[in-house]
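A.B. asks: kindly generate the corresponding structure for this input.
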Amino acid sequence: MVVVSANLKKHLAQLSKRGPHRVLVGDLNYAGLPGKVYTPAEGKGVPAIAFGHDWTKSVKNYHATLRHLASWGIVVTAPDTERGIAPDHRGFSADLETCLQIAAGVKLGHGKVTVSPGKLGVAGHGMGAGAAVLMAANNPTVKAVGALYPAVTTPSSTEAARYVQAPGLVIGSGRNELFDAGNPPKVALNWGGPVAYREITNGNQAGFTEDALFQFSFGLGLPQYSAQDTARGLLTGFLLHELGGEKKYSDFAAPLAEAKHVQSFDGEELADKAAL
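C.D. replies: Numbers count the residues shown, from 1 in each chain. I've put the predicted structure just below:
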């Protein structure tokens with residue numbers, strides 16, 4: 001049987017650019033949790049996600065990404081907690097859940113934005129992706145999970161993935177890395193529900209954050225602007241389909257899909273990658 005890959009080219013270029021909504025940015029401190037909320041200026045029953053940062057990073061290192069998602073009509077709440085050298089991964093996953101409860105429980109955007117309780121998801125990068133998986137395990141409230149370059153966590157997010165029933169998007173690197181912080185293919189292989197595993201051939205975990213000076217200073221290479229745009233577009237299309245119910249973006253949740261610098265793997269190919 002010939003398996004045909006979905007072609008993301010038609011929509012990925014558009015979704016990698018800023019969306020049509022004006023974006024408002026606020027603090028979560030009013031709710032007793034350090035962090036930020038990014039929201040479209042108006043909308044009723046919109047989708048919302050909680051977003052987790054990587055190890056030692058801050059919400060400010062994801063400003064463009066979180067603005068991007070909000071510009072496409074997705075409310076994003078992001079905790080600025082567990083930023084130390086020895087973070088509590090379980091505690092961070094609890095903060096993500098608190099953020100999602102805040103998004104679903106109050107009016108946002110000067111009272112002009114409401115979130116649908118049936119359109120809630122979670123996403124993250126690196127450590128934050130692992131915490132997102134921990135938070136989604138056995139959690140029926142979560143309807144979609146975006147895990148960008150998920151890193152190792154304690155308890156294991158790789159094992160927790162077995163208990164995630166929500167549709168997942170797992171993004172890994174197409175590069176050969178000297179130091180790997182996690183095993184994204186194995187996270188995808190273990191996923192309890194439907195999952196799409198993508199690799200961005202010109203991107204990696206270290207290059208997704210927006211702290212270009214830090215990356216260059218510590219020898220992590222030049223900023224990966226193109227790969228960042230691609231990852232944002234993949235995540236946006238996936239969330240708009242799974243949470244927003246926009247059928248035209250269904251290819252972004254397909255197990256096999258292709259675009260420039262994007263490869264997808266499932267079945268035996270995914271298992272082989274997970275074993276490396």
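A.B. asks: where does the prediction get shaky in this protein?
C.D. replies: 1-4, 175-180, 212-223 (pLDDT under 70).
A.B. asks: change it to 50
C.D. replies: Along the chain, segments meeting pLDDT under 50 span 1-2, 178, 216-219.
A.B. asks: from the middle of its chain, how far away would stretch 55-73 be?
C.D. replies: 10 Å (C-alpha atoms, centre = their mean, to the nearest Å).
A.B. asks: what of stretch 54-65?
C.D. replies: Distance of stretch 54-65 from the chain centroid (C-alpha atoms, centre = their mean) equals 12 Å.
A.B. asks: so which residues make contact with it?
C.D. replies: 35-36, 51, 53, 66, 78-80, 83-85, 87, 124-128, 151, 181, 205, 208-211, 228, 232 (C-beta atoms under 8 Å, 6 or more residues apart in numbering). Every residue, glycine included, has its C-beta placed from N, CA and C.
A.B. asks: change it to 7 Å
C.D. replies: 35-36, 51, 53, 78, 80, 83, 85, 87, 125-128, 151, 209-211, 232 (C-beta atoms under 7 Å, 6 or more residues apart in numbering).
A.B. asks: just the strands in the chain please.
C.D. replies: Along the chain, the segments classed as strands by DSSP state E run 6-7, 23-27, 35-40, 43-52, 75-79, 113-125, 145-148, 168-173, 195-200, 257-258, 262-264.
A.B. asks: chain center to the fifth one: distance?
C.D. replies: Okay, so that is strand 75-79. Worked out by C-alpha atoms, centre = their mean, strand 75-79 lies 11 Å from the chain centre.
A.B. asks: that one versus strand 35-40: what angle between them?
C.D. replies: 170 degrees (axes from the mean of the first three to the mean of the last three C-alpha atoms, to 10 degrees).
A.B. asks: picking up where we left off before, tabulate the strands of the chain (TSV), appending mean neighbour count and distance to S157.
C.D. replies: Formatted as TSV, the strands of the chain follow (neighbours: other C-beta atoms under 10 Å; distance: least, C-beta to C-beta, whole Å):
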stretch	mean neighbour count	distance to S157
strand 6-7	16	27
strand 23-27	15	28
strand 35-40	24	21
strand 43-52	24	11
strand 75-79	28	17
strand 113-125	23	10
strand 145-148	30	8
strand 168-173	26	11
strand 195-200	24	14
strand 257-258	20	24
strand 262-264	20	21
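A.B. asks: closest to E242 out of these?
C.D. replies: E242 lies closest to strand 113-125 among the strands of the chain, at 7.0 Å (C-beta to C-beta).
A.B. asks: elements contacting the closest one?
C.D. replies: Secondary-structure packing of strand 113-125 (3 or more C-beta pairs under 7 Å, 6 or more residues apart in numbering; DSSP states H and E): strand 43-52, helix 89-105, helix 127-136, strand 145-148, helix 225-242.
A.B. asks: now tabulate the strands of the chain in CSV and tack on distance to H241.
C.D. replies: Listed next are the strands of the chain as CSV, based on distance: least, C-beta to C-beta, whole Å:
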stretch, distance to H241
strand 6-7, 11
strand 23-27, 21
strand 35-40, 18
strand 43-52, 10
strand 75-79, 17
strand 113-125, 11
strand 145-148, 12
strand 168-173, 10
strand 195-200, 10
strand 257-258, 12
strand 262-264, 15
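A.B. asks: I'm done for today, thanks for sticking with me.
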